[in-house]
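Peer 1: build me a structure from this.
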Amino acid sequence: MKKNNKRGSALVLVMIAAVVLTILVGAVYILFESNVRSQQWAKERIQARFTAEAGANLAVYMIMEGADVPQGADPVRILPDPALSDDWIDLGGELGWVQAWVDPKDNNNQVSAANAYEVRVLSKVISEDQIHSYCIGTMILPRNFATYACFLNDGGGGSGGGYYADGYRFDGPFHTNTSVNIGSYTPGRNNDPWFYSLSIVEDVYYCVNAGYLATTEVQVGTLWIEPYEKMVMGEPYIAFGVDPIPFSSGEVTWQGAYNAASSGGLLLTAGEVPDGTRMILRDSTLIVKQNSAGAEMQYNLAALDNPVVWIENDDADIVYLKGIQSVPDTSGLSIPLTIGVTGSLGLSGSIQYLNGDLLDPDNKIMLGLVVVNGDFLIAEDPTNPFWGGPPEWAGPWTIDTYDVASVEMDAVIMVLDGVFETESQYPSHLPPTIDLRIVGGYIINEEGYTTWPSNGYYSDIVYDPRLMTMHPPFYPQTGLWDTAYWEEEDEIDESNIGTNQP
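Peer 2: Numbers count the residues shown, from 1 in each chain. Okay, here's the model as predicted:
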């Protein structure tokens, strides 16, 4: 009897052990399966993040290459193309799908004229019929060429171009892709050349009054590069051996401005603006006259969807541009505007903004000029006997760069392949005082001759401080940018990525 009881107890213990073991095995299996699922979820989550980051990089690249961005209050999708019915773009393979939006942050007037864009990218990765999403938000600040008070692709260091001496002051960034000539012929520091910042691709600049001495010293003989106390500190005030910024008609994406003119602005062909055509900017109107006997054509620029005018003239042709200041309170430029020219552009008189207060936060008036294949020229008066040209045009169409105290150009000027110089190698303007005042800046391939000891045009650069935070509409970017933030946005999904965010 006792023997049977022992057998029964052993059986119970075996059964209990089997149950416990079964429970343990089940728990281990559940834990293992949970870990596998967790690892799978983490893997797909990481993949969704990588996909979102890839989409964000693609969207940023598109913007830097001139993709259209919103100009109103609402976000606009740029990936995939809004013209397509698809809501997602397939990146291929295991990457999954993305959609990208640019948010103008509620009436950021003229986003294309601002220096910041918020990009939101939502990704979608599908695994075992489960959808994994991830949203990246980033604020990018492209570096626009208009930021520079002076940008020289060829500074002409040690030769004749790019010469800056007493009286020159650059209150905005100055950059040269090669070197530059700087000098001072006056004793002491009074009136020596002054730079907000100076970046030089080569390892030296050339001190003019020291016999074009190649040097990195900020004080050589009578030259003091001002503000001296900052310049002796080195970067970021003065920097040598910096990376070049690509600059030519084949490297700068000026096509964004051209496309804006052809799709919602004003595009004028070579037949409409033949060689010698003259143009006048008055308020928000462009007046075009092909020849002295021809009729005037007027274009209301304020009615354009894109405030861009493109003159598609021949490379060897020149058109002349001026403003009218006969009625200062009504005739100055009153809208933000960019004018592009395929050939050459001649400045035939002053162009000024209707609102000349550059510190007014509500002043959005700004002019950008882009010259692709030709030169930017200070026009010569054809009635000058030395010039020997045809009779002058009558009335407001005269060339007003001669026999005047000064010429003022309120604009940012870009010359991609040509030269910034006077139209005549022996200009009739006498003597050089502060004759050509540029309110803005100039971004040019090369600076030719504008002044000589006895005649010509002395350039006085008055930097427009608004260029630090804005630029003319559709003005070309440098291809460089800074990132303000790059972060996950958990609250964004497919239902609200295209809506305004706080």
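Peer 1: run a quick neighbour tally on the closest residue to Val60 other than its chain neighbours.
Peer 2: Among residues not flanking Val60 along the chain, Ile140 sits closest, at 5.6 Å (Cβ to Cβ, 6 or more residues apart in numbering). Heads up, the C-betas are built off the backbone N, CA and C, glycines and all. Neighbours of Ile140 under the rule other Cβ atoms under 10 Å: 21.
Peer 1: so Ile140 touches Trp481, yeah?
Peer 2: Yes: using Cβ atoms under 8 Å, Ile140 makes contact with Trp481 at a distance of 5.1 Å.
Peer 1: state the distance from the closest residue to Leu347 other than its chain neighbours to Met366.
Peer 2: Leaving aside its sequence neighbours, Leu347 sits nearest to Ile378 (Cβ to Cβ, 6+ apart; 5.5 Å). Computed as Cβ to Cβ, to the nearest Å, the Ile378 to Met366 distance reads 21 Å.
Peer 1: between those two, which is the more surrounded one?
Peer 2: Using other Cβ under 10 Å, the more surrounded residue of Ile378 and Met366 is Met366, with 28 against 24.
Peer 1: how close does that one sit to Ala394?
Peer 2: Using Cβ to Cβ, one gets 32 Å for the distance from Met366 to Ala394.
Peer 1: measure stretch 178-194 end to end?
Peer 2: Stretch 178-194 has an end-to-end distance of 19 Å (Cα to Cα, to the nearest Å).
Peer 1: quick check: buried residues in it?
Peer 2: Thr178, Ser179, Val180, Asn181, Ile182, Gly183, Ser184, Arg189, Asp192, Pro193, Trp194 (16 or more other Cβ atoms under 10 Å).
Peer 1: same check, this time on stretch 296-311
Peer 2: Under the neighbour-count criterion of 16+ other Cβ under 10 Å, stretch 296-311 has Leu301, Leu304, Asn306, Pro307, Val308, Val309, Trp310, Ile311 buried.
Peer 1: which residues sit against it?
Peer 2: For stretch 296-311, the external contacting residues (Cβ atoms under 8 Å, 6 or more residues apart in numbering) are 257-258, 260-268, 272-273, 284-289, 319, 334-343, 345, 473-474.
Peer 1: quick one: which of the residues you listed sit in helices?
Peer 2: Members of the contacts of stretch 296-311 lying in helices (criterion: DSSP state H): Ala257, Tyr258, Ala260, Ala261, Ser262, Ser263, Gly264.
Peer 1: returning to what we had before: now pLDDT, distance to Met233 and secondary structure too, for the buried residues of stretch 296-311, in a markdown table please.
Peer 2: Below are the buried residues of stretch 296-311 laid out as a markdown table (pLDDT from 0 to 100; distance: Cβ to Cβ, whole Å; DSSP: H, G, I helix; E, B strand; the rest coil):
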| residue | pLDDT | distance to Met233 | secondary structure |
| --- | --- | --- | --- |
| Leu301 | 97 | 45 | helix |
| Leu304 | 95 | 46 | coil |
| Asn306 | 92 | 43 | coil |
| Pro307 | 95 | 41 | coil |
| Val308 | 96 | 41 | strand |
| Val309 | 98 | 44 | strand |
| Trp310 | 98 | 44 | strand |
| Ile311 | 97 | 45 | strand |
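Peer 1: and Gln47, how far from Tyr299?
Peer 2: 53 Å.
Peer 1: report how many residues lie close to the closest residue to Asn191 other than its chain neighbours.
Peer 2: Spatial nearest neighbour of Asn191, excluding adjacent residues (Cβ to Cβ, 6+ apart): Asp166 at 4.9 Å. By other Cβ under 10 Å, 15 other residues sit near Asp166.
Peer 1: going forward, begin numbering at 54 instead of 1
Peer 2: Happy to do that; since the first residue is 54 now, the last one works out to Asp219.
Peer 1: what about Asp219, which SS state?
Peer 2: coil (DSSP: H, G, I helix; E, B strand; the rest coil).
Peer 1: isn't it up against Tyr238?
Peer 2: Yes: counting by Cβ under 8 Å, Tyr238 is a contact partner of Asp219 at 6.4 Å.
Peer 1: hmm, back to that, looks to me like the residue nearest to Val113 is in a strand.
Peer 2: Yes: looking at Ile193 with three-state DSSP, it is inside a strand.
Peer 1: quick one: contacts for it?
Peer 2: Ile193 touches Val113, Ile116, Ala169, Tyr170, Val172, Trp534, Asp535, Thr536, Ala537, counting by Cβ under 8 Å, 6+ apart.
Peer 1: will you turn these into CSV that also has pLDDT, distance to Phe293 and secondary structure?
Peer 2: Output for these, formatted as CSV (pLDDT from 0 to 100; distance: Cβ to Cβ, whole Å; three-state DSSP):
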residue, pLDDT, distance to Phe293, secondary structure
Val113, 83, 30, helix
Ile116, 75, 31, helix
Ala169, 68, 30, coil
Tyr170, 74, 32, strand
Val172, 90, 34, strand
Trp534, 76, 24, strand
Asp535, 75, 22, strand
Thr536, 79, 26, strand
Ala537, 76, 28, strand
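Peer 1: of the residues you listed, keep whichever come out buried.
Peer 2: Among the contacts of Ile193, those that count as buried by neighbour count (16+ other Cβ under 10 Å) are Val113, Ile116, Ala169, Tyr170, Val172, Trp534.
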